[in-house]
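Q: Need coordinates for the below:
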Amino acid sequence: MPVRPRRAVATLAATASVALFASACTGSANNAASDDPKAETTITFWHGWSAPAEVKAIQDNVARFEKAHPNVKVKVVGNINDDKLGQALRAGGSNGPDVVASFTTANVGKFCSSGALADLKPFVEKSKLDLDKIFPKVLQEYTQFEGKRCTLPLLSDAYGLYYNKDAFRKAGLDPEAPPKTWSEFTEVAKKLTKTKGDSYEQLGFMPNYLGYETVVSHYMSQWDHKYFDGNGKSNVAKDPAFAEMMTYQKSLVDTLGGFQKLDKYRTTFGDEWGAKHPFHTGQVAMQLDGEWRLNFVRNAKVGFEVGVAPLPVADDEVAEYGKGYLSGTIMGIAPQSKKQNAAWELVKYMTTDTEAVVSFANDIGNVPSTLEALKSPNLKFDERFKTFLDIARHPESTTSDGAVNGSGYQETLSDLAHKYEKGQVPDLKKGLADTAAQIDRDIAAVK
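A: Numbering: from 1, shown residues only. Down below sits the predicted model:
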């Protein structure tokens, strides 16, 4: 989703728990979902898209819904991040949304456990939806928390590697053989890097965590790992994958010029969502990014041949090459809404109707979120997009674990990673142990 705040660090505070739905047919307590879904009504839908083409795509999808449900009108409000969303859900009242969409899957644990979004189980049961037959497993997992489902997936994202095939050829590299392991990746990145004084003419890859999309969770997807153990305690100090990833990332930073030099070069980059993105301009030859970048590459009319591939994997996990990080947009219902049955009709339509999902995916260049949409003959994409569909289907692809404090544990881990890449953490083992303890304290404070 190209307009989402990168590394969305939403600060939605935990709201008071909302009573669970009293009936599988009518929704929650206090008659919040006692409305007649066939009555004429207007519901409000808040979402985070802001780019004109994507706003139009949302409006088109809503128009299709209104045509199928002529009794329901939808007031659409865009450019809503999780901060604004959290404030509205805490405040309640008639001026808030009935339906919401968020880009921050890491906050589902917070949304569900705090009651910030309504329990959707009664609505799913009422509509007799078999979610196992509708959504891929990973998408089902990141839209619920500890057995409570408060969201459904609306399109998904798969992260992979974009690379400049022309630059590969000039460096004597095979443009049809992108690196599959991280050790291979280091060698390729070195060959693609051209220094210029104390800067670069071309950088093979921007490894710094402040680089576009090069965040801890996206790197970690390429190592087998577990953020939490069976008791819900942070696993980052006990699972060797976290130390391996951070050690590798820092070695790549050091190999390509060191943190300071790289970070200075990073400040010359254009906007992530604009035509002057450093991959578009040739400033970097390889880029970690989501499937939406294909649309941006096309719109920017880049002057070189672009290749896409899965990200490399840990050297001892080459059999799992093809996996990647998965994320996406989530939809839910505000617990304060007095029109929850009508709201559910919009959520159900946008997340499960094959035509709606395929049309929306085609319009904004995202990966469809339902099994039927993934195999629809109406899905439009060039051959490169298939790479992301394959990543989305890969059995080893992962997403971030949910937690009651949302993305808080990711932020704590990222704080350590940022310091480590700068050389400010002399003892990584101790740093990970301290970080795990802090994550556990933060989660305990919420519980």
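
Q: Now do Ala445: how many residues are near it, please.
A: Residues contacting Ala445 under the criterion other C-beta atoms under 10 Å number 10. Where you see a C-beta, it was placed from the backbone N, CA and C, and this is true even at glycine.

Q: And the contacts of the strand or helix carrying it?
A: Ala445 belongs to helix 428-446 when assigned by DSSP states H and E. For helix 428-446, the surrounding residues in contact (C-beta atoms under 8 Å, 6 or more residues apart in numbering) are 14, 113, 232-238, 242-243, 246-247, 403-405, 408-409, 412-413, 415-416, 419-420, 425.

Q: do stretch 123-138 as well
A: Counting contacts by C-beta under 8 Å, 6+ apart, the residues outside stretch 123-138 that touch it are 24-25, 27, 33, 140, 143, 149, 152-153, 156, 326, 333, 340, 344, 347-348, 352, 369-372, 374, 392-393, 397-399.

Q: if we go to 7 Å?
A: Judged by C-beta atoms under 7 Å, 6 or more residues apart in numbering, the contacts made with stretch 123-138 from elsewhere in the structure are 24-25, 140, 149, 153, 326, 344, 348, 352, 369-371, 392, 397, 399.

Q: Quick one: distance of that stretch to the chain centre.
A: Once both centres are worked out by C-alpha atoms, centre = their mean, to the nearest Å, stretch 123-138 turns out to sit 21 Å from its chain's centre.

Q: quick one on the thing from earlier: show only the entries of the contacts of stretch 123-138 found in helices.
A: In helices, judged by DSSP state H, the following of the contacts of stretch 123-138 are found: Gln140, Trp344, Lys348, Thr352, Leu371, Ala392.

Q: Just send those residues back as CSV, with distance to Asp316 and neighbour count too.
A: Below are the ones in helices among the contacts of stretch 123-138 laid out as CSV (distance: C-beta to C-beta, whole Å; neighbours: other C-beta atoms under 10 Å):
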residue, distance to Asp316, neighbour count
Gln140, 29, 15
Trp344, 46, 27
Lys348, 43, 20
Thr352, 39, 22
Leu371, 32, 16
Ala392, 24, 22
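
Q: hmm, which two among those residues are most spread apart?
A: The largest separation in the ones in helices among the contacts of stretch 123-138, counting by C-beta to C-beta, is between Trp344 and Ala392 at 25.9 Å.

Q: Please spell out which residues along stretch 389-397 are buried.
A: Neighbour-count burial for stretch 389-397, counted by 16 or more other C-beta atoms under 10 Å, picks out Leu389, Asp390, Ile391, Ala392, His394, Glu396, Ser397.

Q: should've said stretch 169-186
A: Applying 16+ other C-beta under 10 Å to stretch 169-186 flags Ala171, Leu173, Pro178, Pro179, Lys180, Thr181, Trp182, Phe185, Thr186 as buried.

Q: which residues sit against it?
A: Stretch 169-186 has contacts (C-beta under 7 Å, 6+ apart) with 161, 163, 165, 168, 188, 191-192, 248, 252, 255, 307, 309, 312-315, 318, 321.

Q: In helices only, show me those.
A: Within the contacts of stretch 169-186, residues falling in helices by DSSP H are Lys165, Phe168, Val188, Lys191, Leu192, Tyr248, Leu252, Thr255.

Q: Tell me where this protein has strands.
A: Using DSSP state E, the strands found in the chain span residues 21-23, 27-28, 41-46, 72-77, 99-102, 144-145, 148-149, 152-164, 194-196, 199-205, 284-290, 306-309, 326-333.

Q: helices and strands around the fourth one, which ones?
A: Put plainly, it is strand 72-77. strand 41-46, helix 52-68, helix 340-352 (3 or more C-beta pairs under 7 Å, 6 or more residues apart in numbering; DSSP states H and E).

Q: Provide the angle between the direction of the shortest one and the direction of strand 326-333.
A: This points to strand 41-46. For strand 41-46 and strand 326-333, the angle between their directions (axes from the mean of the first three to the mean of the last three C-alpha atoms, to 10 degrees) works out to 150 degrees.

Q: where are the low-confidence patches of the stretch 51-200 of the chain?
A: In the predicted model of the stretch 51-200 of the chain, residues 92-94 satisfy pLDDT under 70.

Q: Please name the nearest non-neighbouring residue to Glu213.
A: If you skip the residues right next to it in sequence, Glu213 has Leu288 as its closest partner in space, 4.9 Å away by C-beta to C-beta, 6 or more residues apart in numbering.
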